[in-house]
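A.B. asks: structure here, sequence nowhere to be found:
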């Protein structure tokens, strides 16, 4: 038993314990003090504890040394108390390979290693991206609608404002035009439109004065993700000139004024999507009103008897083969009913028409966008004396961004148009235009346009063609002011004798927009 041990054995046990503590603590402390210039904290050597009047209890000495280490004045003083014979810390050599903690953290290029303190530098300030349309009108907000109004005043000279076939008389003119475009800013649904109206006054030929106007408003209501309802309305007001299909061929107008023709109508329908496929159905309506024309001999051409209503139904099936191409097929059927049973020539011109088209919608963003289609159309007339009007159809509206500064637009349209020419059921009208716009400077855009239109009559041997060339320049003084200049030439040719004419037009203008 331990309490039965002799005093000599207990003394030997105490000496061994004190010697062990002296070796563990005394040796390292002595080495640290000898290798440092930092003064000792005044701890008594364990081996001399009894000679310094200490209790000699090893446990109390250890506790006292731990307290003194915590009260050390600085880290540098503490470091002197650490056994410097221990090996330095180093990363575990295999940590990076096997994904453990303790591996070397590689420093990123241009940045200090993670063990080096460095002040974080602010990120470099980036330049804002250049505006692709720095002079486009910004518009004004009216609630959730963005309005873009404008007013344009032009002045120029026309070599043949009256479209005279012989001895044309030139005239200076001025044109005033106002317009408004608008677009909704809604997360769902959509409303947009464009309206314009103007008047051209020829100072030396009042009979050629021309009022005009056009507009379209369209809206879409999203009932669900795959089902939408849309509607559209439009109008067009223009004057008829010699060579118009709706005028009797070869008719010479008087010098009083030009007859007007007004068209207005709209459509309503719905579109349903089935995955990548879409099916749409629309009903259409158009109303056409003619002004009577006074001929050069004083006679009145009763064009108001050609006022008509056109009812139609249009169906389209499309499939989105990719985000770029969506092919479609379309069928359009309509019925045209005239206010008068017979026109001024005694013909019954009520008719029915059907057209079938196949094409594709293109959406190569930044390159080629638009729609193109081809097909065939036919129109049958109530009067058996009028032959059927039919022919191939080709329609296109494409925009090609050749470069960021150059854009090419191509348009083509084919219509089966009615006519008032006696014995003719109508005319197949084709219109082709191509335009090139190049931004020579950020605020200077040059344009060049060429157009070719033909009218081939059915029932009579008449063929008309119109060729147009135009050059233009737009110089933006600011987003709100645009200087405009243009020069154009129009050449009308007809198989009828004494019906061809030409005209040159030069114009300068100022456009104020917002």
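C.D. replies: Nice, I can see it. Every value quoted in this text rests on a predicted model; they were computed, and no experiment measured them. Numbering: from 1, shown residues only.
A.B. asks: measure the residue nearest in space to the middle of the chain to residue 355 for me?
C.D. replies: Nearest to the mean C-alpha position of the chain, counting by Cα atoms, centre = their mean, stands residue 365 at 8.5 Å. The spacing between residue 365 and residue 355, counted by Cβ to Cβ, to the nearest Å, is 30 Å. No exception for glycine: its C-beta is placed from N, CA and C like everyone else's.
A.B. asks: and the gap between residue 269 and residue 365?
C.D. replies: From residue 269 across to residue 365, the span is 27 Å (Cβ to Cβ).
A.B. asks: typed the wrong thing, it's residue 188
C.D. replies: With Cβ to Cβ as the criterion, residue 188 and residue 365 are 23 Å apart.
A.B. asks: repeat that for residue 185.
C.D. replies: Using Cβ to Cβ, one obtains 21 Å as the distance from residue 185 to residue 365.
A.B. asks: and residue 127, by the same measure?
C.D. replies: In this view, residue 127 and residue 365 are 24 Å apart by Cβ to Cβ.
A.B. asks: could you do residue 507 as well?
C.D. replies: Look at residue 507 and residue 365: by Cβ to Cβ, they are 35 Å apart.
A.B. asks: do residue 444 as well
C.D. replies: 26 Å.
A.B. asks: the helices in this protein, which residues?
C.D. replies: 7-21, 27-34, 58-70, 75-79, 95-98 (DSSP state H).
A.B. asks: in stretch 197-216, what counts as buried?
C.D. replies: Under the neighbour-count criterion of 16 or more other Cβ atoms under 10 Å, stretch 197-216 has 198, 200-202, 205, 208-210, 212-215 buried.
A.B. asks: ends of it, what's the gap?
C.D. replies: Taking Cα to Cα, to the nearest Å, stretch 197-216 runs 12 Å from one end to the other.
A.B. asks: any idea what residue 266 is bridged to?
C.D. replies: residue 233, residue 285 (DSSP bridges).
A.B. asks: my guess is it meets residue 234, correct?
C.D. replies: Yes. Under the criterion of Cβ atoms under 8 Å, residue 266 makes contact with residue 234 at 6.5 Å.
A.B. asks: remind me which residues of the stretch 151-300 of the chain are low pLDDT?
C.D. replies: 249-256, 295-299 (pLDDT under 70).
A.B. asks: scratch that, the chain is what I was asking about
C.D. replies: Residue ranges of the chain with pLDDT under 70: 1-126, 129-131, 249-256, 295-299.
A.B. asks: the domain parsing of it - what is it?
C.D. replies: Following automatic domain parsing, the chain resolves into domains at 2-79, 142-513.
A.B. asks: what about the last one, how long is it end to end?
C.D. replies: With Cα to Cα as the measure, the first residue of domain 142-513 is 16 Å from its last.
A.B. asks: let me see the contact set for residue 483.
C.D. replies: Contact partners of residue 483, counting by Cβ atoms under 8 Å, 6 or more residues apart in numbering, are 474-477, 508-511.
A.B. asks: now, of these, which are buried?
C.D. replies: Buried, going by 16+ other Cβ under 10 Å: 474, 476, 509, 511, out of those.
A.B. asks: is it true that the second one touches residue 510?
C.D. replies: Meaning residue 476. No. At 11.6 Å, residue 476 does not count as touching residue 510 under the criterion of Cβ under 8 Å.
A.B. asks: list of residues touching stretch 265-278?
C.D. replies: 225-235, 279-287, 310, 314, 317-321.
A.B. asks: can you select the buried ones from these in ChimeraX?
C.D. replies: Restricted to buried positions by 16+ other Cβ under 10 Å, the ChimeraX selection for the contacts of stretch 265-278 reads:
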select :228,230,232,233,234,235,280,282,284,286,310,314,318,320
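A.B. asks: which of the contacts of stretch 265-278 fall within strands?
C.D. replies: 227-235, 279-287, 310, 314, 317-319 (DSSP state E).
A.B. asks: give me the neighbour count for residue 187.
C.D. replies: By the measure other Cβ atoms under 10 Å, the count of residues near residue 187 is 6.
A.B. asks: make residue 1 into 2 and carry on from there
C.D. replies: Noted, 2 is the first residue going forward, which turns the last one into residue 188.
A.B. asks: any idea how far it is from residue 379?
C.D. replies: Residue 188 sits 44 Å away from residue 379, going by Cβ to Cβ.
A.B. asks: residue 311 too?
C.D. replies: 16 Å.
A.B. asks: and what of residue 434?
C.D. replies: 26 Å.
A.B. asks: ok, residue 336 next?
C.D. replies: Here the criterion is Cβ to Cβ. By it, residue 336 lies 14 Å from residue 379.
A.B. asks: what touches both of the two?
C.D. replies: In terms of Cβ under 8 Å, 6+ apart, residue 336 and residue 379 are both contacted by the residues residue 354.
A.B. asks: can you pull out the strands in the stretch 102-251 of the chain?
C.D. replies: Secondary structure of the stretch 102-251 of the chain (DSSP state E, counting those that start in this stretch): strands located at 141-143, 146-159, 172-185, 191-203, 211-225, 228-240.
A.B. asks: redo the ones you listed as a markdown table? Include distance to residue 343.
C.D. replies: Output for those, formatted as a markdown table (distance: least, Cβ to Cβ, whole Å):
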| stretch | distance to residue 343 |
| --- | --- |
| strand 141-143 | 50 |
| strand 146-159 | 38 |
| strand 172-185 | 39 |
| strand 191-203 | 35 |
| strand 211-225 | 30 |
| strand 228-240 | 26 |
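A.B. asks: ok, which of those strands comes nearest residue 418?
C.D. replies: strand 228-240 (14.0 Å; Cβ to Cβ).
A.B. asks: what angle separates the closest one from strand 211-225?
C.D. replies: Interaxial angle of strand 228-240 relative to strand 211-225 (axes from the mean of the first three to the mean of the last three Cα atoms, to 10 degrees): 180 degrees.
A.B. asks: can you tell me what sits against strand 228-240?
C.D. replies: Residues from elsewhere that reach strand 228-240, judged by Cβ under 8 Å, 6+ apart: 198, 211-224, 259-274.
A.B. asks: go again using 7 Å as the cut-off
C.D. replies: Applying Cβ atoms under 7 Å, 6 or more residues apart in numbering, the external contacts of strand 228-240 come out as 211-224, 259-273.
A.B. asks: and if you look at stretch 282-295?
C.D. replies: By Cβ under 7 Å, 6+ apart, the surrounding residues in contact with stretch 282-295 are 247-248, 254-255, 257, 260-271, 301-305, 307-316.
A.B. asks: shouldn't residue 319 be in contact with residue 331?
C.D. replies: No. The criterion here is Cβ atoms under 7 Å, and residue 319 misses it with residue 331 at 8.8 Å.
A.B. asks: can you name the residues bridging to the closest residue to residue 227 other than its chain neighbours?
C.D. replies: Closest residue in space to residue 227, ignoring its immediate chain neighbours: residue 274 at 4.2 Å, by Cβ to Cβ, 6 or more residues apart in numbering. Beta-bridge partners for residue 274, by DSSP bridges, are residue 279.
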